[in-house]
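>>> Generate a structure from the sequence data that follows.
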Amino acid sequence: MKKKSDEKGNDSNNNGKKKSGLNIHDFIFKHMMSVKSNVVSLVKNYVSEDTLEDLDLNTLKQLSNIIPNDNLSENQADAMYEVEYNNGNEGKGRALVYVLAEHKSFLDKHTVFQVFSYLAKIWYNESKKKGFEGITYIIPIILYHGNRSFPDDYKSLDASFVKVENKKFEESLKKYSPRFNPIIIDLSEENITTINGCAEYRLTMISMKYSYGDTDKYYKDFNLILKDIEMVNRDDSFVSYIRVVIYYAYRVRYGCPDEQEKILELTRSIYNPMENKTMTLEEFIANQTEEEFLDEVYNNGYERGIDIGQKQGFDVGQKQGRLDGMLELARGMRDKGLDFEVISELTGLSKEEIENL
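Model (predicted):
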């Protein structure tokens with residue numbers, strides 16, 4: 001490939017200028033995690049069987065991913081959920097665990113520390129609540145799909161401590177150190193046979209897996225998954241979801257027209273142009289700018305307000321939900337250092353509203 005988005009997801013034009021600065025890899029992850037069946041598929045694939053058998057995944061519910069600090073500043077996990085579990089003699093009731101998912105499209109040695117800090121802040125905030133009875137168990141998941149394997153030294157706190165030559169002394173110190181070994185999903189080590197679950201989940205995961213190359217293999221695997229889906233099941237909701245996935249695969253190959261054309265071929269195997277649509281999916285992907293695409297996704301209820309008019313897929317239908325989604329996305333863009341004018345242009349929010357987020 002001659003040119004494409006860099007490892008952090010920024011596209012560059014021929015003049016070397018970055019586009020909107022939006023990380024499209026984060027965007028596709030949030031798209032996937034906004035659908036309950038996708039989250040269930042992820043949890044079933046990677047959480048241990050002994051934990052899964054007591055989780056009631058039907059109760060899975062998305063939470064606000066804002067984690068406040070004591071100094072009133074905020075951190076933002078990529079996705080967070082609560083789920084009820086079988087609490088022995090007490091039944092399911094309101095016994096909860098959290099699932100916290102963090103996404104990385106590039107190698108970052110600080111990832112484990114970042115996620116651990118989220119857990120510590122959540123627990124600290126819980127401990128300050130009136131009637132505190134204990135902190136909530138959290139299942140941390142890190143999904144990584146960079147163009148290099150995730151090294152063992154980055155996978156746990158244990159691997160990050162300074163090396164001590166005196167091994168006996170080193171072992172004695174471990175009892176004072178926190179144990180933190182999150183679930184690490186390295187998509188470079190996954191293949192089509194190990195990515196199981198609903199069709200939307202599988203197609204999104206392989207799209208992220210092949211975001212840095214091997215378009216021919218991506219094309220082949222994508223079509224293999226499509227063969228498992230009957231045409232009768234490719235309804236408007238499915239097509240709307242997959243349209244975003246293919247758009248992602250197309251955009252990360254920015255500057256590589258031959259590979260983008262290969263991605264467009266995928267649209268021909270999905271469906272005929274939807275009824276009452278004036279533009280085919282191919283035309284939509286080839287001609288729409290990233291900003292126009294984001295606006296389209298908002299209008300279909302992608303970044304949903306938590307628990308407001310919420311249904312699986314894109315059907316939100318509540319203006320408040322879309323507003324909350326834009327506020328959430330604007331906050332994330334602000335935290336990543338995006339210029340306020342760009343955020344305002346993309347979201348329609350005023351600079352004052354952005355400053356007060």
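>>> low-confidence ranges in the stretch 201-350 of the chain?
230-235, 269-326, 328-329, 332-333, 335-339, 342, 345-348 (pLDDT under 70).
>>> try it again with 80
Within the stretch 201-350 of the chain, the stretches with pLDDT under 80 are 213, 227-237, 239-240, 267-350.
>>> per-residue confidence at S5?
pLDDT for S5: 50.
>>> That should have said G21, apologies.
pLDDT, G21: 38.
>>> Could you do L96 as well?
Looking at L96, the pLDDT reads 79.
>>> Could you say which helix or strand holds the closest residue to it other than its chain neighbours?
The shortest distance from L96 to any non-neighbouring residue, by CB to CB, 6 or more residues apart in numbering, is to E82 (4.9 Å). For every residue, glycine as well, the C-beta is placed using N, CA and C. Using DSSP states H and E, E82 maps to strand 79-85.
>>> re the thing from before, check contacts around the residue nearest to L96.
Taking CB atoms under 8 Å, 6 or more residues apart in numbering as the criterion, E82 is in contact with 59-61, 63, 96-99.
>>> ok, now T215?
Contacts of T215 (CB under 8 Å, 6+ apart): 253, 259, 262-263.
>>> filter the contacts of E82 to the buried ones?
Neighbour counting by 16 or more other CB atoms under 10 Å classes 60, 96-99 among the contacts of E82 as buried.
>>> how about JSON lines for these, with secondary structure and distance to K128 added?
Listed next are those as JSON lines, based on DSSP: H, G, I helix; E, B strand; the rest coil; distance: CB to CB, whole Å:
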{"residue": "L60", "secondary structure": "strand", "distance to K128": "27"}
{"residue": "L96", "secondary structure": "strand", "distance to K128": "18"}
{"residue": "V97", "secondary structure": "strand", "distance to K128": "20"}
{"residue": "Y98", "secondary structure": "strand", "distance to K128": "17"}
{"residue": "V99", "secondary structure": "strand", "distance to K128": "23"}
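>>> so what's E190 up against?
205, 209.
>>> Show me the strands in the chain, by range?
55-62, 66-68, 74-76, 79-85, 96-104, 138-144, 183-186 (DSSP state E).
>>> Could you tell me the least trusted of these?
Looking at those, the bottom one is strand 74-76 with a mean of 65.
>>> re earlier: let me have the contacts of E82 in a markdown table, extended by distance to D108.
A markdown table is the format used below for those (distance: CB to CB, whole Å):
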| residue | distance to D108 |
| --- | --- |
| T59 | 32 |
| L60 | 27 |
| K61 | 29 |
| L63 | 24 |
| L96 | 29 |
| V97 | 26 |
| Y98 | 22 |
| V99 | 21 |
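>>> Pick out whichever of those residues sits closest to L357.
Distances from L357 to the contacts of E82, taken as CB to CB, are shortest for L63 (18.1 Å).
>>> Tell me the spacing between that closest one and A101.
11 Å (CB to CB, to the nearest Å).
>>> okay, and the common contacts of these two?
In contact with both L63 and A101: 80-81, using CB under 8 Å, 6+ apart.
>>> Could you export stretch 142-153 as PDB, keeping only the C-alpha atoms?
Output in PDB follows, covering the C-alpha atoms of stretch 142-153 (Å, rounded to 0.1, in the frame of the first residue of the first chain):
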ATOM      1  CA  ILE A 142      -8.700  -4.100  25.900                       C
ATOM      2  CA  LEU A 143      -9.200  -4.500  22.200                       C
ATOM      3  CA  TYR A 144      -6.100  -3.800  20.100                       C
ATOM      4  CA  HIS A 145      -5.700  -3.900  16.300                       C
ATOM      5  CA  GLY A 146      -2.500  -2.100  15.500                       C
ATOM      6  CA  ASN A 147      -0.200  -3.200  12.700                       C
ATOM      7  CA  ARG A 148       2.200  -4.800  15.200                       C
ATOM      8  CA  SER A 149       1.500  -7.500  17.800                       C
ATOM      9  CA  PHE A 150       0.700  -6.400  21.400                       C
ATOM     10  CA  PRO A 151       3.900  -7.200  23.300                       C
ATOM     11  CA  ASP A 152       3.800  -9.200  26.500                       C
ATOM     12  CA  ASP A 153       5.500  -6.400  28.500                       C
END
